[in-house]
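Enquirer: below: sequence and its predicted model.
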Amino acid sequence: MDELERLRQKKLKELMEKMSGKKEETGKPIEVDSKSFNKILASNENVVVDFYADWCAPCKMVAPIIEELAKEYAGKVVFAKLNADENIEIAQRFAISAIPTIIFFKNGKPVDQIVGAMPKAEFKRWIDKNI
C-alpha cells in the first residue's frame, strides 16, 4: 500500500468515526460544553466529567491524572472536561459548589462524585467501583 493510499484510508476512518459519534474513545479527555454535554452522556455508558476552571490550582493538579486515566480506561470510560465558569447552567444543574468536582455518569445519570484533588490510585478505585 503506497503512502497516499494509507493516508486516504486513515482520513476515511477518522471521518467515519466522527460521523458515527465514536471519536470519544480516543483515550483523551474531551472538552465539552452546553452543546455537546448531553450528547456525550447519551452516547456512552460510562462517562467521567471533570468540572473545572482555568484559575483553579487543584484542577490543574487533577488534569494530568484525568489524561492518564483516559488512556488507561479507553474503550471502557469516556472522560470529559467541562469548564464550570463557561457553562454555568450545567454546573448549576449538578449543584457544583466547589471545583474540581468529578462526577461519574452511568447511562446518562450521575451515580457518584468526588470533590477536590486526590491521588491517581484513589481515582482508579473510585472508577473501578462505579464501572
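Expert: Yep, that arrived.
Enquirer: where does this structure dip in pLDDT?
Expert: 1, 15-26 (pLDDT under 70).
Enquirer: from Ser34, how far out is Arg93?
Expert: Noted for Arg93: a distance of 10 Å to Ser34, by C-beta to C-beta, to the nearest Å. Any C-beta I mention is one placed from the backbone N, CA and C, and that applies to glycine too.
Enquirer: oh, that last question was meant for Glu68, not what I typed.
Expert: In this view, Glu68 and Ser34 are 27 Å apart by C-beta to C-beta.
Enquirer: what do you get for Lys129?
Expert: Between Lys129 and Ser34 the distance, using C-beta to C-beta, works out to 29 Å.
Enquirer: can you pick out the residue with more neighbours from the two?
Expert: For Lys129 versus Ser34, the count of surrounding residues by other C-beta atoms under 10 Å is larger for Ser34: 13 against 10.
Enquirer: can you pull the contacts of that one?
Expert: If you count contacts by C-beta atoms under 8 Å, 6 or more residues apart in numbering, Ser34 has them with Asn87, Glu89, Ile90.
Enquirer: repeat for Lys106
Expert: Glu45, Asn46, Asn130.
Enquirer: also Lys81?
Expert: Under the criterion of C-beta under 8 Å, 6+ apart, the contact list for Lys81 reads Pro29, Ile30, Glu31, Val32, Val49, Asp50, Tyr52, Ala63, Ile66.
Enquirer: buried subset of those as a ChimeraX selection?
Expert: Of the contacts of Lys81, the buried ones go into a single ChimeraX selection, burial set by 16 or more other C-beta atoms under 10 Å:
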select :29,30,32,49,50,52,63,66
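Enquirer: turn the contacts of Lys81 into CSV, columns for secondary structure and distance to Lys13.
Expert: Conversion of those to CSV gives the following (DSSP: H, G, I helix; E, B strand; the rest coil; distance: C-beta to C-beta, whole Å):
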residue, secondary structure, distance to Lys13
Pro29, coil, 22
Ile30, strand, 18
Glu31, strand, 22
Val32, strand, 23
Val49, strand, 27
Asp50, strand, 28
Tyr52, strand, 31
Ala63, helix, 29
Ile66, helix, 26
